[in-house]
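Participant: requesting a structural model of the entry that follows:
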Amino acid sequence: SNGDIMRNRLPTILFLATMLVGIIASYAVFNSTRQAERASFDIVADDIVDNLEEGVKQHIALLTATRSLVNTIDKDENGDSFREFINDLGLPDNYPGIQGIGLAPLIVTGNERTAEVIIQDGYGIERSVYPQTDESVRAPIVFVEPHDERNGKALVFDMFSDSQRREAMIAAANDQ
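Facilitator: Numbering: from 1, shown residues only. Sure, this is the predicted structure:
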């Protein structure tokens with residue numbers, strides 16, 4: 001009879017209905033978990049971007065302050081004012097990630113001795129501007145602080161000799 005057939009199929013129908021509800025519930029939980037993870041990732045990514053932007057702003061502020069110092073102090077042949085200013089900034093403690101701040105003035109090629117004398121007076125180092133170049137101007141690093149072994153190796157390096165640095169310097173000069 002129809003009643004017997006329904007009674008025999010009822011457990012199967014109930015089982016299939018329960019399975020369907022379970023699948024729908026599982027999908028809903030999975031979907032909401034994915035959305036929560038995506039939202040959490042977006043928040044973390046936004047925080048990382050904000051931190052990077054803040055770090056870049058701090059670095060630009062340091063460079064602007066250093067430029068202002070260089071533009072306002074009397075000619076400082078041995079770099080004492082520059083050295084004191086940079087050391088007072090407390091780079092390692094206050095600005096992690098900055099190895100140092102230096103000064104690399106533009107000079108006409110052929111006048112390298114001027115930079116070499118500044119290095120000799122400021123750091124007691126006798127070194128020639130390097131590397132060789134075909135450029136008509138050079139930008140040797142004459143001051144770099146804090147003075148440590150790594151930064152000391154950069155002294156009299158001609159920043160203008162490197163194509164990427166040269167392009168960046170030209171772009172910066174054009175923006176002023």
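
Participant: phi, psi for Ile98 please.
Facilitator: Backbone torsions for Ile98, taken as degrees, to the nearest 10, come to phi -90, psi 120.

Participant: quick check: it touching Leu62?
Facilitator: Yes: the pair Ile98 / Leu62 is scored as a contact, 7.1 Å apart, by C-beta atoms under 8 Å. In this view, the C-beta of every residue, glycine as well, is placed from N, C-alpha and C.

Participant: what about Val144, how many neighbours?
Facilitator: A count of nearby residues for Val144, using other C-beta atoms under 10 Å, gives 27.

Participant: can you check my assumption that it lies in a strand?
Facilitator: Yes: assessed with DSSP: H, G, I helix; E, B strand; the rest coil, Val144 lies in a strand.

Participant: state the distance from the spatially closest residue to it that is not a sequence neighbour to Ser163.
Facilitator: Once flanking residues are discounted, Val144 sits nearest to Gly102: 3.6 Å by C-beta to C-beta, 6 or more residues apart in numbering. Separation of Gly102 from Ser163 (C-beta to C-beta, to the nearest Å) stands at 19 Å.

Participant: more neighbours: which of those two?
Facilitator: Taking other C-beta under 10 Å, Gly102 and Ser163 do not tie; Gly102 has more neighbours (18 against 8).

Participant: and the helix or strand that contains the more buried one, how far from the chain's centre?
Facilitator: Using DSSP states H and E, Gly102 maps to strand 101-103. Put simply, strand 101-103 sits 17 Å off its chain's centre (C-alpha atoms, centre = their mean, to the nearest Å).

Participant: what pLDDT, on average, does the next helix or strand after that strand get?
Facilitator: Counting by DSSP H and E, the element after strand 101-103 in chain order, helix or strand, is strand 107-108. Strand 107-108 shows a mean pLDDT of 94.

Participant: within the sheet, what are the partner strands of strand 107-108, with directions?
Facilitator: Taking DSSP bridges as the criterion, strand 107-108 sits next to strand 137-138 (antiparallel) in its sheet.

Participant: the strand or helix carrying Lys153: which residues count as buried?
Facilitator: Per DSSP H and E: Lys153 is located in helix 149-154. For helix 149-154, burial by neighbour count (16 or more other C-beta atoms under 10 Å) applies to Asn151.

Participant: quick one, what contacts Leu106?
Facilitator: Going by C-beta atoms under 8 Å, 6 or more residues apart in numbering, Leu106 touches Val137, Arg138, Ala139, Phe160.

Participant: make it 6 Å
Facilitator: The contact partners of Leu106, by C-beta atoms under 6 Å, 6 or more residues apart in numbering, come to Val137, Ala139.
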